[in-house]
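1. Model the structure of this input:
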Amino acid sequence: MECNDASEAGEFLLIARRNNSLSSTGRTMVLGSLVALSFAISLAFAFTGAWLVLPFAGVEMAVLVLAFRYIGRHAGDFESIAIKGDSVLVEKWELGEVFRYEFNRGWAQVVLRNDPPLGRTTLALRSHGREVEFGQHLTEHQREAVAHTLRQQLRSRPY
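-> Residues are numbered from 1 along each chain as shown. Now for the predicted structure:
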């Protein structure tokens, strides 16, 4: 999470990114080592007569490849909130697509609520019947801190 506050200019920028602990090369190396290890173990079992291990190992490797592919495709996703003057701009970048939502600073409200079905809190900006969820890449504590910061930023008026 990156936060940029230029109070004297009346500008605020917050960017929430995924926690990508591995680079693209690192993910490829980890996946390759997992596939090689699984294949070696399944071949050892196949040579001892338990040949049915091979198809299940193949399914396991296919699921791992799909999971790593999903992670790699979403590695660049992020969300941002920019407050400048009387406008609040929320942007969501998902799979290279940009979704933009603009609110009037005076009417925008920060909503932080518990969602028992999801088992987590959700953070959203709301105005005139529209609501945009923000912070899917944040932890519970970070969502609470962002909600507090956004409330302060929306209350303070630009000069």
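
2. Provide the backbone phi and psi angles at residue 129.
-> Main-chain dihedrals, residue 129, degrees, to the nearest 10: phi 80, psi -10.

3. try residue 128
-> Dihedral pair for residue 128: phi 50, psi 50, per degrees, to the nearest 10.

4. What sits closest to it if chain neighbours are left out?
-> residue 107 (6.4 Å; Cβ to Cβ, 6 or more residues apart in numbering). C-beta coordinates here come from the backbone N, C-alpha and C atoms, glycine included.

5. The one you found reaches residue 127, doesn't it?
-> Yes. Assessed by Cβ atoms under 8 Å, residue 107 is found in contact with residue 127 at 4.5 Å.

6. ranges for the helices of the protein?
-> 24-47, 53-73, 140-155 (DSSP state H).

7. Just tell me which of those ends up closest to residue 101.
-> For these, proximity to residue 101 was assessed by Cβ to Cβ; helix 140-155 is nearest, at 14.0 Å.

8. What helices and strands are in contact with the closest one?
-> strand 11-17, strand 78-84, strand 109-115, strand 120-127 (3 or more Cβ pairs under 8 Å, 6 or more residues apart in numbering; DSSP states H and E).

9. for the helices of the chain, which one ends up most surrounded?
-> helix 140-155 (a mean of 15; mean count of other Cβ atoms under 10 Å).

10. Residues contacting that one, please?
-> 1, 3, 5, 12, 14, 16, 81, 83, 88, 105, 108-110, 112, 120-123, 125, 134-135, 138 (Cβ atoms under 8 Å, 6 or more residues apart in numbering).

11. swap the cut-off to 7 Å and go again
-> Applying Cβ atoms under 7 Å, 6 or more residues apart in numbering, the external contacts of helix 140-155 come out as 1, 12, 14, 81, 83, 105, 108, 110, 112, 120-121, 123, 135, 138.

12. and what of stretch 105-117?
-> The contact list for stretch 105-117 (Cβ under 7 Å, 6+ apart) reads 83, 86-88, 121-128, 131, 143-144, 147, 150-151, 154.

13. Going by neighbour count, which of the contacts of helix 140-155 are buried?
-> 1, 12, 14, 81, 83, 105, 108, 110, 112, 121, 123, 135, 138 (16 or more other Cβ atoms under 10 Å).

14. Could you list the domains of this protein?
-> 2-18+76-155, 24-73 (automatic domain parsing).
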